[in-house]
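Chemist: Below are the sequence and a predicted model for it; my questions follow.
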Amino acid sequence: MANKPLRIFQIAKELNISHTEILEFLKNQGVEVASHMSPVDENTHQIILSEFAKDKENVERYRKDQIRREIQDERIKEKQASGKKLKLLSLDEQRDLEKKEAKSIKEAELAKQKQIAREKKEREAAEQLKKAELEQQKAVEAKVEKDLEEVEQKPSEIKQETDAKQPAKSDSPKEKPAKKRKLRKISLSDLDSKGKSPKKEKSGTKKEDKTAQKTKDTVRQTLAKIDSRKKKKQYKKDKGERIDGQDVDEPNKIKITEFASVDELSKLLDVPSGEIIKTCFGLGIMATINQRLEWDVIELIAEEFGYKAEQESTDEGELFSLDTTEEDDDNAVSRAPVVTVMGHVDHGKTSILDFIRNENVVAGESGGITQHIGAYKVELEDGKTITFIDTPGHEAFTAMRARGAQVTDIVVLVVAADDAVMPQTIEAIDHAKAADAPIVVAINKIDKPGADEERVKRQLADHNVLVESWGGKVQSIPTSAKNGTGIDDLMTAILLEAEMLELRANKDTLAKGTVVDSRLDKGYGPIATILIQKGTLNVGDPFLCSNYPGKVRAIMNERGKRIKKAFPSDSVQILGFDKVPQAADIFVALEDERELKRIANERQRRSREIDQKKIVAHTLDSMSAMIKEGSMKELPLIIKGDVDGSIEALSETLMKLNTGEVGLNIIHKSVGMVAESDVLLAEASKAVIVGFNVQVGSNAKLQAKRTGVDIRTYNIIYKAVEELKLALEGLLEPEQKIEILGRAIVLTQFKIPKIGFIAGAKVEEGLISRNAKARLIRDDEILFDNQAITSLKRFKDDAKEVKEGLECGIGLEEVKKYNENDIIEAYEIIKVKRKLEAS
């Protein structure tokens with residue numbers, strides 16, 4: 001079997017160098033490695049050895065020199081202790097001494113090799129002993145089985161002998177016939193601590209009792225030996241060793257949940273928690289007994305102790321699954337299609353939905369741009385219904401578009417006929433293909449001057465979207481949201497795609513769905529827009545969403561009208577949440593409230609521990625590295641928004657502004673108005689509060705004014721991004737430019753007491769200023785740079801500056817000697833403000 005690939009930290013340990021040196025070397029060589037725990041192939045291993053082999057040789061040479069020095073020091077100490085005078089050795093004596101030292105080093109190495117060979121033999125003997133013990137254990141187990149069979153057969157023999165003796169006792173008519181005894185089988189559970197049965201039975205003969213008792217004692221002693229052998233713990237890390245009679249090359253498999261703690265892992269691996277903590281330190285991880293570990297770390301630790309870790313799904317994994325079951329297939333009925341409207345900003349997506357719903361939604365959005373994800377149910381004249389999901393087209397709302405594509409059945413791609421296929425149009429196409437959803441193209445604004453449908457179709461074909469008129473399978477409908485042209489044809493095309501998909505769902509089950517969007521309402525509290533994907537939701541149903549339980553207090557449609565039930569493909573607003581859920585969370589209704597609370601408490605506990613682990617990891621790794629380098633600057637932020645989707649979009653957009661030098665650190669984000677607790681957190685962490693479409697509480701304003709916390713509120717996302725970009729540019733270190741002030745040529749040098757050598761020079765161009773920096777150039781080579789001018793004199797008087805054509809005496813800070821024709825160049829460093837370039 002091939003050797004397992006070595007990891008970076010193991011190679012670094014072997015070469016006695018830092019793993020950061022290896023990572024830096026591989027980065028310069030163009031080899032991509034994730035971290036110091038990543039395995040490397042044989043070619044990369046050889047590249048590392050060829051580069052750092054000299055370091056290993058230097059270490060070995062240093063060790064030999066150290067041994068030689070120690071031997072020499074010991075001899076010197078012995079001579080000093082004996083009172084003998086030390087004498088200088090001749091060349092021959094020195095050579096003899098070196099030969100003896102080399103011989104002693106060779107003998108020490110030979111002894112070390114013998115020690116290694118002896119340890120190897122001991123390991124082989126230990127393996128043979130284990131093998132013999134295993135064979136002995138198998139023999140003992142076979143003997144136990146045999147003894148157990150004898151114990152089971154003994155009662156039947158006793159019964160046969162008793163039946164044979166019974167007629168002889170019943171010859172006398174006066175004597176009553178003997179009562180037959182019921183004999184029970186002897187098992188280990190019937191034996192007490194002394195090997196005796198707790199209840200006395202009337203036995204046939206003493207000899208039979210002694211035989212049975214002896215058998216019981218033998219079985220009990222044998223099982224005790226087996227049990228004691230099982231309790232022995234063995235920890236073997238060498239690749240060639242065996243664990244409990246099994247080869248390390250074929251490790252035992254253990255099932256464990258992700259983010260298991262050190263204590264849980266130690267119990268599963270049957271090793272002390274201290275051993276696991278020691279292994280974590282070897283991997284560069286500061287762990288405690290209650291620390292929860294990431295999955296890749298768990299795999300490494302399990303492999304270290306001869307096990308293979310397999311991820312175990314949690315009990316609630318199936319509960320939050322939206323996959324259909326056999327019961328769902330048997331009870332499935334047809335449902336309405338879920339249609340997501342996507343496209344570039346200002347191409348008319350919301351306007352088309354306005355015409356369909358006979359409402360003006362976009363008028364209520366800031367700047368005329370959709371900044372929320374909306375879900376609407378539309379009933380057609382023939383009684384059929386369609387659920388529409390409207391997504392923003394602004395570039396900042398990538399996450400919202402992706403989320404809309406994940407829950408949809410059909411994607412309506414809106415492209416303006418007077419514009420073209422734009423970046424967000426291409427992104428929408430990618431999302432639709434990733435979700436494997438059919439596309440219906442709506443070429444909008446055909447009534448505007450400059451509209452060109454063929455240009456749009458040609459550009460769509462360049463991105464593998466072929467419409468039917470171009471020989472493809474994608475329907476394209478020319479529309480105008482302003483006068484309603486083509487809207488009926490668009491609805492017909494959507495229904496046609498829905499019929500081909502044969503959309504079905506189970507109504508007669510507990511409701512499951514996905515959170516499309518959420519917000520904190522001033523009157524209602526936490527509200528979430530839920531897209532029901534299967535089942536029926538009723539008012540009063542207990543539910544679990546993410547980690548928090550709740551009970552449905554009210555169900556409202558998109559117009560705010562209360563309804564009693566919600567069915568598959570319905571998009572409804574739910575009241576009854578304890579906390580505002582996050583978009584894309586799974587919503588599940590349950591029957592058993594006790595089981596619901598148990599699952600919720602377990603998920604909350606796990607979430608808290610995982611969050612705490614992430615905080616610790618960030619503190620130890622990221623922050624310590626940045627503090628050590630002293631080059632990373634951060635602007636802490638607290639983000640408050642009206643809906644979860646907007647917060648998510650703003651956060652992702654702001655994080656794109658981060659560079660290797662400066663960055664934004666979002667320490668907290670939540671739905672709701674800016675409260676006093678947010679100001680206190682900002683004060684403690686020196687953060688700026690960013691509010692998006694939210695108000696600032698009166699107490700929060702007073703607290704912010706008193707503590708000096710900066711609160712910024714915005715209604716349009718790109719204005720928030722623009723201002724924070726300017727703030728980040730203020731954190732950038734300014735660019736330094738050198739401006740030459742003047743040059744002077746050295747004519748001679750002279751010495752001044754208590755000062756040193758001074759250059760007698762003549763200013764050839766510009767001027768020499770006392771406050772400037774200077775460099776000394778000799779034969780076109782810079783010998784000294786960034787030198788302070790310690791002395792500048794005209795004759796015997798100090799001067800602030802000396803202009804062109806004048807002679808002067810110049811003294812530089814670290815220069816001790818000047819030659820004729822040396823050049824002294826004076827300059828100053830100008831700082832220029834830099835612009836932010838996002839990574």
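Modeler: Yep, it's here. Numbers count the residues shown, from 1 in each chain.
Chemist: Contact partners for residue 343?
Modeler: Going by C-beta atoms under 8 Å, 6 or more residues apart in numbering, residue 343 touches 349, 393, 413-415, 424-425, 428. (Glycine included, C-beta is placed from N, CA and C.)
Chemist: Can you flag which of those belong to helices?
Modeler: Cross-referencing these against helices under DSSP state H gives 349, 424-425, 428.
Chemist: Just put the residues you listed in JSON lines and tack on pLDDT, distance to residue 477 and neighbour count.
Modeler: Converted to JSON lines, the ones in helices among the contacts of residue 343 look like this (pLDDT from 0 to 100; distance: C-beta to C-beta, whole Å; neighbours: other C-beta atoms under 10 Å):
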{"residue": "349", "pLDDT": "84", "distance to residue 477": "14", "neighbour count": "28"}
{"residue": "424", "pLDDT": "81", "distance to residue 477": "20", "neighbour count": "21"}
{"residue": "425", "pLDDT": "86", "distance to residue 477": "16", "neighbour count": "27"}
{"residue": "428", "pLDDT": "81", "distance to residue 477": "16", "neighbour count": "30"}
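Chemist: export the residues you listed to a markdown table and tack on distance to residue 664?
Modeler: Below are the ones in helices among the contacts of residue 343 laid out as a markdown table (distance: C-beta to C-beta, whole Å):
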| residue | distance to residue 664 |
| --- | --- |
| 349 | 30 |
| 424 | 23 |
| 425 | 29 |
| 428 | 27 |
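Chemist: Residue 355: which of those residues is nearest?
Modeler: For those, the minimum distance to residue 355 (C-beta to C-beta) is 11.4 Å, reached by residue 349.
Chemist: How far away from the center of its chain is the longest strand seen in the chain?
Modeler: The longest strand of the chain (DSSP state E) is strand 735-752. On the basis of C-alpha atoms, centre = their mean, to the nearest Å, strand 735-752 sits 55 Å off its chain's mean C-alpha point.
Chemist: ok, so of the contacts of residue 343, who is nearest residue 488?
Modeler: For those, the closest approach to residue 488 (C-beta to C-beta) belongs to residue 414, at 16.4 Å.
Chemist: any idea how far the residue nearest to the closest one when sequence neighbours are not counted lies from residue 416?
Modeler: Counting by C-beta to C-beta, 6 or more residues apart in numbering, residue 343 is the residue found nearest to residue 414 once chain neighbours are left out, at 3.6 Å. Counting by C-beta to C-beta, to the nearest Å, the gap from residue 343 to residue 416 is 8 Å.
Chemist: Unless I misread the structure, residue 720 falls within a helix.
Modeler: Yes. Looking at residue 720 with DSSP: H, G, I helix; E, B strand; the rest coil, it is inside a helix.
Chemist: That one: what's it in contact with?
Modeler: Going by C-beta under 8 Å, 6+ apart, residue 720 touches 650, 654, 690, 692, 712, 714.
Chemist: What's the per-residue pLDDT of it here?
Modeler: In this model, residue 720 is scored at 84, pLDDT.
Chemist: hmm, back to that, pull out the buried positions in the longest strand of the chain.
Modeler: Buried residues in strand 735-752, counted by 16 or more other C-beta atoms under 10 Å: 741-744, 746, 749.
Chemist: show me what contacts residue 536?
Modeler: Going by C-beta under 8 Å, 6+ apart, residue 536 touches 507-509, 511, 565-567.
Chemist: you'd agree residue 679 is up against residue 698?
Modeler: No. Assessed by C-beta atoms under 8 Å, residue 679 is found out of contact with residue 698, at 11.8 Å.
Chemist: Of those two, give the one with the bigger neighbour count.
Modeler: Using other C-beta atoms under 10 Å as the criterion, residue 679 and residue 698 rank with residue 679 on top: 26 against 9.
Chemist: Okay, and that one sits in which element?
Modeler: helix 676-685 (DSSP states H and E).
Chemist: after that helix comes which helix or strand?
Modeler: Per DSSP H and E, the helix or strand that comes after helix 676-685 is strand 688-692.
Chemist: Using CSV, write down the CA coordinates of that next one.
Modeler: Output in CSV follows, covering the C-alpha atoms of strand 688-692 (Å, rounded to 0.1, in the frame of the first residue of the first chain):
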residue,chain,number,x,y,z
VAL,A,688,-19.6,52.9,13.2
ILE,A,689,-23.3,52.1,13.1
VAL,A,690,-24.8,51.8,9.6
GLY,A,691,-28.6,51.9,9.3
PHE,A,692,-30.3,50.9,6.1
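Chemist: What average pLDDT does the helix or strand that contains residue 134 get?
Modeler: According to DSSP H and E, residue 134 maps onto helix 91-169. The average pLDDT within helix 91-169 is 71.
Chemist: go on, stretch 262-269?
Modeler: 84.
Chemist: Stretch 488-507 too?
Modeler: The average of the pLDDT scores along stretch 488-507 is 90.
Chemist: likewise stretch 61-80?
Modeler: 72.
Chemist: can you pull the buried residues of it?
Modeler: Neighbour counts using 16+ other C-beta under 10 Å place 68, 71 of stretch 61-80 among the buried residues.
Chemist: Now tell me what touches that stretch from outside.
Modeler: Here stretch 61-80 makes contact (C-beta under 8 Å, 6+ apart) with 86, 97, 101, 104-105, 108.
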